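Peer 1: Just a sequence and a predicted model for now, questions to come.
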Amino acid sequence: MLGETAPLPRRVDYYESETTSSNFQSKKDEFAKAGIPTKEIWVFYGTFSDENIKRIMSEGFKVGGSQVKIKNGSAYGRGVYTATGPRAPQGYGKKTNKVILARGLVGTEGVHSKTPQDDWYLFMDGHQLLPVYVLHM
């Protein structure tokens with residue numbers, strides 16, 4: 001699952017949000033009804049702000065450029081940039097020393113998600129992600 005060797009977290013916080021769970025399940029049901037694959041993977045996400053972490057854990061992920069301001073570029077298009085290992089997300093989360101571990105609904109690769117680099121996943125819709133854990137590194 002981690003995809004690479006990384007330091008173990010000092011603490012792990014578990015979150016449940018009715019909003020994020022409902023949005024994720026609705027997206028999964030939508031994919032299933034349309035015959036789109038419902039394969040899930042675990043992905044990591046890093047952000048520079050504790051406030052962003054709180055917001056993501058309670059309200060879910062938002063796509064930069066359409067729902068929130070783009071903070072770190074969009075070299076591979078609009079979407080939520082994640083990774084299968086924690087290293088790259090840790091770089092974006094240096095100020096917080098935290099990363100989010102989320103369930104990701106891949107859908108049809110190239111349409112609903114992209115893999116622009118070996119361990120990156122770019123999700124086109126924030127509802128394809130369910131934030132579950134915050135890892136304190």
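Peer 2: Nice, thanks for sending it over.
Peer 1: what does the helix or strand where T20 lies rub up against?
Peer 2: Per DSSP states H and E, T20 falls inside helix 18-33. Residues from elsewhere that reach helix 18-33, judged by CB atoms under 8 Å, 6 or more residues apart in numbering: 36-38, 57-60, 103, 105, 107, 112, 125-131. C-beta: built from backbone N, CA, C; applies to glycine.
Peer 1: how about whichever helix or strand comes after it: buried residues?
Peer 2: Downstream of helix 18-33, the next assigned helix or strand under DSSP H and E is strand 40-45. Within strand 40-45, the residues that count as buried by 16 or more other CB atoms under 10 Å are 43-45.
Peer 1: Extract the CA atoms of the next helix or strand after strand 40-45 and return them as CSV.
Peer 2: Once the chain leaves strand 40-45, the next helix or strand it forms, by DSSP H and E, is helix 50-59. Below are the C-alpha coordinates for helix 50-59, written out as CSV (Å, rounded to 0.1, in the frame of the first residue of the first chain):
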residue,chain,number,x,y,z
ASP,A,50,-4.0,22.5,9.2
GLU,A,51,-7.1,24.5,8.3
ASN,A,52,-7.1,22.8,4.9
ILE,A,53,-6.8,19.4,6.5
LYS,A,54,-9.8,20.0,8.8
ARG,A,55,-11.8,21.2,5.9
ILE,A,56,-10.9,18.2,3.7
MET,A,57,-11.7,15.7,6.5
SER,A,58,-15.1,17.2,7.1
GLU,A,59,-16.2,18.5,3.7
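Peer 1: list the helices and strands the next helix or strand after helix 50-59 packs on?
Peer 2: Of the helices and strands lying after helix 50-59 in sequence (DSSP H and E), the nearest is strand 80-83. With contacts defined as 3 or more CB pairs under 8 Å, 6 or more residues apart in numbering; DSSP states H and E, strand 80-83 has these neighbours: strand 40-45, strand 120-123.
Peer 1: Run through who's touching strand 80-83.
Peer 2: So strand 80-83 is contacted by 3, 43-45, 61-64, 72, 89, 102, 104, 119-123, 126, 128-129 (CB under 8 Å, 6+ apart).
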